[in-house]
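J.: here is my input; please provide its structure:
(2 chains)
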Amino acid sequence: QQPVQSPQAVILREGEDAVINCSSSKALYSVHWYRQKHGEAPVFLMILLKGGEQKGHEKISASFNEKKQQSSLYLTASQLSYSGTYFCGTVGGSNYKLTFGKGTLLTVNP
Amino acid sequence: EPEVTQTPSHQVTQMGQEVILRCVPISNHLYFYWYRQILGQKVEFLVSFYNNEISEKSEIFDDQFSVERPDGSNFTLKIRSTKLEDSAMYFCASSGFSGTDTQYFGPGTRLTVL
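T.: Okay, here's the model as predicted:
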């Protein structure tokens, strides 16, 4: 069952913040966040393992609430280069496949 | 920095023809995957491969599809008799020592079936 992402799309001005959410109805082992620009492959951003950790990567960070099976991606002081579609991929149980959400289209305008 | 490579970048074929998409995973990785993405849609899992056998496959991965690791470096996806609906971007990915490690994606092969 695919994770649910929200919002579907968000438009920001450069410097503004955004939060992208990812939730699953089943128990998760890990959540993987990727950014994909048009016509390109998904690029790995970060992985969160069960344990409710929070990780950061420059101005992009993420949290994973294991009890709620939810993860959030935080983008602060957005830059034009942040534009793209953000996908969360979840891994649950004994299999290792990534099940992706439908993505969140982020547009950062000057 | 090591990366996953895929060839060709674009493949055009006639319906009913066989195609082989090739991938070279990161050299010390043990887990390999194929995903596909129909234009404008999400990335979908096709198959995972570990220790020279399929570990999981999706319902999309029917008898028309097969995977192979013919040597120590290549990982291939074969579609025996292509259909129009097979047109998509096909991404290969690999991960290191555990199936829960980061999966690194190759640049993709755009398959167009006419």
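J.: tell me how many other residues surround residue B:72.
T.: 6 (other CB atoms under 10 Å in any protein chain shown). Quick note: C-beta positions are derived from backbone N, CA and C, even for glycine.
J.: quick check: it vs residue B:95, distance?
T.: 17 Å (CB to CB, to the nearest Å).
J.: residue A:51: what's it in contact with?
T.: By CB atoms under 8 Å, 6 or more residues apart in numbering or on different chains, the contact set of residue A:51 is A:64, A:66.
J.: so, low pLDDT: which residues of chain B?
T.: B:98-100 (pLDDT under 70).
J.: could you rerun that using 80?
T.: B:1-2, B:72, B:97-100 (pLDDT under 80).
J.: just the CA trace of stretch A:98-110, in PDB.
T.: Coordinates of each C-alpha in stretch A:98-110 appear next as PDB, following Å, rounded to 0.1, in the frame of the first residue of the first chain:
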ATOM      1  CA  LEU A  98      10.600   1.000  -1.900                       C
ATOM      2  CA  THR A  99       7.000   1.900  -2.200                       C
ATOM      3  CA  PHE A 100       6.700   5.500  -3.400                       C
ATOM      4  CA  GLY A 101       4.100   8.100  -2.700                       C
ATOM      5  CA  LYS A 102       2.600  10.100  -5.600                       C
ATOM      6  CA  GLY A 103       5.000  12.900  -4.900                       C
ATOM      7  CA  THR A 104       4.800  16.600  -4.000                       C
ATOM      8  CA  LEU A 105       5.600  19.100  -6.700                       C
ATOM      9  CA  LEU A 106       7.600  22.000  -5.100                       C
ATOM     10  CA  THR A 107       8.100  25.200  -7.100                       C
ATOM     11  CA  VAL A 108      10.300  27.900  -5.800                       C
ATOM     12  CA  ASN A 109      10.000  31.200  -7.500                       C
ATOM     13  CA  PRO A 110      12.400  34.200  -7.300                       C
END
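J.: residue A:78 touches residue A:19, doesn't it?
T.: No: Residue A:78 is beyond contact range of residue A:19, at 11.3 Å (criterion: CB atoms under 8 Å).
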